[in-house]
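**Student:** Give the three-dimensional model of this entry:
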Amino acid sequence: DVHYLDGRVERVHFFGSRLKWSRWVAVTLVGDETVETLVRTLLDHFDSFGGVPLCAVFDRPKTVALKWKRNGEVTEWNPTFAYAALEMGFTAEVCWPYQPQQKGSVENLVKWVKGSFFKQRRFVDRADLEAQLAEWLREVNRERPSRATGVIPAERMVEDRARLRALRIAPADLALRFPVSVGP
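**Tutor:** Numbers count the residues shown, from 1 in each chain. Next up is the predicted model:
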């Protein structure tokens, strides 16, 4: 929940992505947490990265995986997400609660955005929040060394981009498929 200076409160949803090697971050304010929002924002982030990574790691939201075994193996993917992953050309991996090397990485990104951006700033309105977010992203990606590497993410991004594959589809051209059941 974001408390604006005039006393209004707004529940804000955001989608965050980070490239593991360079620590380059993309954060987008989103209207909801549906599968369509997830895949469209993910493709926008891949576009901003300059390409598609081989694998993307997700927490286990229903927008990604519908069913899984006790060992964490996905037995049923969200069909819209699975189709989009094929269209974009990446593999998906979901975190299992007892795999801290993965789960921690995903959860730490969310905590870091909340703690370093949302809790450290005050906002006049939504437009001010968006402007400050853009400035913060510029700063953390291009000016400030990452705590994890000690290097500015923009400097390591050159190596990350060499590993990324070209986008198969432009964000504006992504058509999604949604399964429906039709009764009598």
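**Student:** Let me see the ranges of the strands in the chain.
**Tutor:** Here the chain has its strands, by DSSP state E, at 2-3, 9-10, 13-18, 25-30, 55-58, 65-68, 74-77, 91-94.
**Student:** gap between the first one and the chain center?
**Tutor:** Taking CA atoms, centre = their mean, to the nearest Å, the mean C-alpha location of strand 2-3 is offset from the chain mean by 22 Å.
**Student:** List the neighbouring strands of it plus their orientation.
**Tutor:** strand 9-10 (antiparallel) (DSSP bridges).
**Student:** okay, and for this protein, where does confidence drop off?
**Tutor:** Applying pLDDT under 70 to the chain flags residues 96-107.
**Student:** Please, where are all the helices along it?
**Tutor:** Under the criterion DSSP state H, the chain contains helices at 35-49, 79-88, 100-116, 126-142, 153-163.
**Student:** one step back: show me the one of the strands of the chain that comes nearest Arg177.
**Tutor:** Evaluated with CB to CB, the strands of the chain place strand 74-77 nearest to Arg177, the distance being 12.9 Å. All C-beta spots, glycine's among them, are computed from the backbone N, C-alpha and C.
**Student:** Does anything pack onto that closest one? Which helices or strands?
**Tutor:** strand 65-68 (3 or more CB pairs under 8 Å, 6 or more residues apart in numbering; DSSP states H and E).
**Student:** Run the chain-centre distance for the strand it packs on.
**Tutor:** Taking CA atoms, centre = their mean, one finds strand 65-68 lying 19 Å from the centre of the chain it belongs to.
**Student:** CA-only coordinates of that strand in CSV, if you can.
**Tutor:** Provided in CSV are the C-alpha atoms of strand 65-68 (Å, rounded to 0.1, in the frame of the first residue of the first chain):
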residue,chain,number,x,y,z
ALA,A,65,1.9,-23.4,-12.6
LEU,A,66,-1.5,-24.8,-11.7
LYS,A,67,-0.4,-28.1,-10.2
TRP,A,68,2.8,-29.6,-8.9
